[in-house]
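> here's my sequence, what's the structure:
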Amino acid sequence: MLGDANDMLGRLKAVLPTAWFADQSSNLDGLLSGFSNAWAGLFASLGVVRLQARVATAQADWLDRVVLDFFGQRMRRMLDESDASLRGRLALEMQRERATRAAMTTKLTQLTGRAPSILEPARATDTGGWGTAIAWGTAGAWGSLLMPQQCFVTAYRPLAGGGLVAGDADITAAVVDMLPVASIAWLRISN
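So this is what the prediction gives:
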């Protein structure tokens, strides 16, 4: 079989000069068998490494190392989580949009089952303006251009019995994960 000790022994013997050794030599076969066993072990290890080097085929601790490599401590295997489930979450996180309002809304909705309320004080569509449909005394919120790159996020805890178990720390981590660099989110978590 390809890569086993006999295959490696045959390969080693094939590259030896024919005039130097007899066709059958127990001493030579014994010496080369040690090398061929070592090479067979390395070849088998290479097959394992080849499988573990790809997200699609990594398993167990190797898959955990891939997750650690991509996301550090932000993402970990949940208690009794299967490789397939972790691989699916990893693929989702690798392709997830980040640093946008839509990304934060999507992440919090997936996490809690409830869409958050996000208000950016420097965004006219959130705050309205004088003499428009959203204005002082009607709907909307008070805006300020003195608060650039800031937003107010109201996230809602999962409903009881909904099957989601995200806690306040998970919600906070999700908001931090979705924020653009050098921005501030004022977070309120509500029932």
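> okay, CA-based contacts and neighbour counts for the rest of this
Fine.
> in the chain, which spans are helices?
Ranges of helices within the chain are 5-14, 26-52, 60-71, 83-95, 101-112, 124-127, 168-178, based on DSSP state H.
> how about CSV for these, with mean neighbour count and mean pLDDT added?
Shown next, in CSV, are the helices of the chain (neighbours: other Cα atoms under 10 Å; pLDDT from 0 to 100):
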stretch, mean neighbour count, mean pLDDT
helix 5-14, 16, 88
helix 26-52, 15, 88
helix 60-71, 16, 90
helix 83-95, 15, 90
helix 101-112, 18, 93
helix 124-127, 17, 81
helix 168-178, 16, 92
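> mind putting these in TSV, distance to residue 146 included?
As requested, these are exported to TSV (distance: least, Cα to Cα, whole Å):
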stretch	distance to residue 146
helix 5-14	72
helix 26-52	50
helix 60-71	34
helix 83-95	33
helix 101-112	19
helix 124-127	13
helix 168-178	22
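> who wins for proximity to residue 145 among these?
Counting by Cα to Cα, residue 145 lies closest to helix 124-127 out of those; the figure is 9.7 Å.
> distance between the closest one and the chain's centre?
Distance of helix 124-127 from its chain centroid, counting by Cα atoms, centre = their mean, to the nearest Å, is 34 Å.
> and stretch 151-171, end to end?
With Cα to Cα, to the nearest Å as the measure, the first residue of stretch 151-171 is 15 Å from its last.
> hmm, who's touching that stretch?
Under the criterion Cα atoms under 8 Å, 6 or more residues apart in numbering, residues 108, 111-121, 184-191 lie in contact with stretch 151-171.
> over to stretch 47-57?
With contact meaning Cα under 8 Å, 6+ apart, stretch 47-57 is reached by 58, 59, 62, 63, 66, 87.
> 6 Å instead?
Residues from elsewhere that reach stretch 47-57, judged by Cα atoms under 6 Å, 6 or more residues apart in numbering: residue 58.
> ok, stretch 100-119 next?
In contact with stretch 100-119 (Cα under 6 Å, 6+ apart) are residues 97, 151, 152, 153, 154, 155, 157, 158, 178.
> once you drop chain neighbours, what's closest to the first one?
So that's residue 97. residue 103 (5.5 Å; Cα to Cα, 6 or more residues apart in numbering).
> before we move on, the earlier item: any quick PyMOL command for the buried ones out of the contacts of stretch 151-171?
Restricted to buried positions by 16 or more other Cα atoms under 10 Å, the PyMOL selection for the contacts of stretch 151-171 reads:
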select buried, resi 108+111+112+113+114+115+116+118+119+120+121+185+187
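> how is this protein carved up into domains?
The chain resolves into domains spanning 5-52, 98-190 when parsed by automatic domain parsing.
> closest to residue 83 out of those domains?
domain 5-52 (12.3 Å).
> how near is residue 94 to residue 87?
Residue 94 is 10 Å from residue 87, by Cα to Cα.
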